[in-house]
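1. Just to be clear, the model below is a prediction. Sequence and coordinates:
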Amino acid sequence: MTAWRRDLHAHPETAYEEFRTADKVAAILQELGLEVTRGLGGTGLVATLNGALGEGDAIALRADMDALHLQELNSFAHRSQLDGKMHACGHDGHTAILLGAATALAANPEFAGKVHFIFQPAEENEAGARAMIEDGLFERFPVKAVFGLHNWPGLPAGEVAVHEGPVMAAFDTFDIRIRGEGCHGGMPHLGSDPVQAAGQLICALQSIVSRNLDPQKAGVVSVTQIEGGHTYNVLPEEVVLRGTTRSFCPEVRDQIEQRMRQLAESICAGLGCHAELCYSRRYPATINSEAEARQCLATLQELPGVGKVHLNPPASMGGEDFAFMLEQHPGCYIWLGGGSDEHCHGLHSPHYDFNDSTLPLGANYWIGLVHRLLGR
Ligand code: NI
């Protein structure tokens, strides 16, 4: 698994361009004698293993294969060989873990039913899970439940976390275009200033979480980009704000969008400008089903080599497109501790590297889960 993982790390591929990665994954799975279906959602693939104990339920285990647009700053031998691309979220590790589990299960398929191993493209930003679903993933491979995992730096290696409900937030993006009337910077009374409207709006947007949302319910509104103006003495015609919002409850998500629209339109109108909000719903919240979360919990509690099992720690405001699979089927997405010492860098850091010491635990978890759910 370490050799696979490091090879993938050295050859990162981003959304829907996971050609080499998919070739490698398919070759390993075919070698094991699994039935491999390629080209789902572009570069996605599914490998099916039939249990030796006859008919039974089908479950899916999912790994993501894509890398990030990021320049790696590590210098070890397996660092990225491509400028500007990097496995900084550990999807190289998730892929190696699932290949390891498939290898072990193929050698000893002591279960009834089927396991579908899903290797998806484009988890980062581009909704590869949804692309596979739209391509007929679950019609072609019907399953009773779906399972995913993510490495989690900050959680000590050997420890794991299971949530019996929300685990990752819904992730949306927005663009607010504020149009004014450009004029001389020394004679602002001759136009309407979109820069000052943008400034007031940015502050007002922070009132949504602090003044509108139920304080018991989580939400985030972050303006992450401001674009407008070119020089010192001209007030521009237009300013564009961009950013992201996060939430767990659908009502909170609706409320954030609605309040953003009201604030943008009314504040900008009051200042003589015109605002247009383009709000884009990207990923739903990742919400585990309770029964499946309990099965994962029980598997982990019985697994040798597992340290502390954290039940229902605070959910993350990060997004995850496994959410689309959990909208279709019950299932559970767990966090696998990635390490908490000073050598351990966070997800999406240019210094990040997947912690290879956690590969066996990840694979053993998948194997244990299959035996728990489909074994006799
Ligand atoms: Ni990730």
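-> That came in fine, so what should we check first?

2. you'd agree residue 145 is up against residue 333?
-> No: using C-beta atoms under 8 Å as the test, residue 145 is too far from residue 333 to be in contact (11.6 Å). Where C-beta positions appear, they are placed from N, C-alpha and C, glycine not excepted.

3. Okay, strands next: where are they in the stretch 151-300 of the chain?
-> Using DSSP state E, counting those that start in this stretch, the strands of the stretch 151-300 of the chain run over 160-162, 166-168, 170-179, 183-184, 219-227, 234-235, 238-247, 274-283, 286-287.

4. got a markdown table for those strands, with mean neighbour count, distance to residue 154 and mean pLDDT too?
-> A markdown table is the format used below for those (neighbours: other C-beta atoms under 10 Å; distance: least, C-beta to C-beta, whole Å; pLDDT from 0 to 100):
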| stretch | mean neighbour count | distance to residue 154 | mean pLDDT |
| --- | --- | --- | --- |
| strand 160-162 | 25 | 10 | 98 |
| strand 166-168 | 25 | 15 | 98 |
| strand 170-179 | 21 | 20 | 97 |
| strand 183-184 | 14 | 50 | 97 |
| strand 219-227 | 15 | 19 | 97 |
| strand 234-235 | 18 | 45 | 98 |
| strand 238-247 | 21 | 18 | 98 |
| strand 274-283 | 16 | 22 | 98 |
| strand 286-287 | 26 | 18 | 98 |
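
5. Could you measure from the residue nearest the centre of the chain over to residue 61?
-> Among the residues of the chain, the one closest to the centroid is residue 320, at 2.5 Å (C-alpha atoms, centre = their mean). According to C-beta to C-beta, to the nearest Å, residue 320 stands 16 Å off from residue 61.

6. Kindly report the same for residue 354.
-> Counting by C-beta to C-beta, the gap from residue 354 to residue 61 is 18 Å.

7. What residues of stretch 256-268 count as buried?
-> For stretch 256-268, burial by neighbour count (16 or more other C-beta atoms under 10 Å) applies to 256, 257, 259, 260, 261, 263, 264, 265, 267, 268.

8. thought residue 82 was touching residue 9?
-> No: the criterion here is C-beta under 8 Å, and residue 82 misses it with residue 9 at 11.0 Å.

9. the more surrounded of these two?
-> More neighbours surround residue 9 than the other of residue 82 and residue 9, with 27 against 14 (other C-beta atoms under 10 Å).

10. Which elements pack onto the helix or strand that that one is a member of?
-> Using DSSP states H and E, residue 9 falls within helix 2-10. Counting by 3 or more C-beta pairs under 8 Å, 6 or more residues apart in numbering; DSSP states H and E, the packing neighbours recorded for helix 2-10 are helix 19-31, helix 91-107.

11. OK, contacts around the nearest residue to residue 373 once chain neighbours are set aside?
-> Nearest residue to residue 373 in three dimensions, chain neighbours excluded: residue 59, at 5.7 Å (C-beta to C-beta, 6 or more residues apart in numbering). Applying C-beta atoms under 8 Å, 6 or more residues apart in numbering, we find residue 59 in contact with 113, 114, 115, 116, 143, 144, 145, 146, 147, 370, 373, 374.

12. Please repeat the previous calculation with a cut-off of 10 Å.
-> 111, 113-116, 143-147, 292, 329, 331, 369-370, 373-374 (C-beta atoms under 10 Å, 6 or more residues apart in numbering).

13. Also residue 278?
-> Contacts for residue 278 (C-beta under 10 Å, 6+ apart) come out as 173, 174, 175, 176, 177, 240, 242.

14. these two touch, right, the fourth one and residue 257?
-> Just to be clear, that refers to residue 176. No: using C-beta atoms under 10 Å, residue 176 makes no contact with residue 257, being 11.9 Å away.

15. tell me, how many neighbours does the closest residue to residue 58 other than its chain neighbours end up with?
-> Once flanking residues are discounted, residue 58 sits nearest to residue 114: 4.1 Å by C-beta to C-beta, 6+ apart. When neighbours are defined as other C-beta under 10 Å, residue 114 has 22 of them.

16. Residue 114 reaches residue 142, doesn't it?
-> Yes: at 9.4 Å, residue 114 counts as touching residue 142 under the criterion of C-beta under 10 Å.

17. and for those two, which residues touch both?
-> Listed as contacting both residue 114 and residue 142 by C-beta under 10 Å, 6+ apart are 57, 58, 60.

18. could you dump those to TSV with distance to residue 302, neighbour count and pLDDT?
-> Formatted as TSV, the shared contacts of residue 114 and residue 142 follow (distance: C-beta to C-beta, whole Å; neighbours: other C-beta atoms under 10 Å; pLDDT from 0 to 100):
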residue	distance to residue 302	neighbour count	pLDDT
57	20	16	97
58	23	17	98
60	22	24	98
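
19. Which single one of those residues is nearest to residue 76?
-> Of all the shared contacts of residue 114 and residue 142, residue 76 sits closest to residue 60, with 33.5 Å by C-beta to C-beta.

20. And that closest one, how far from residue 107?
-> Per C-beta to C-beta, residue 60 is found 20 Å from residue 107.

21. before we move on, what about residue 87?
-> Counting by C-beta to C-beta, the gap from residue 87 to residue 107 is 27 Å.
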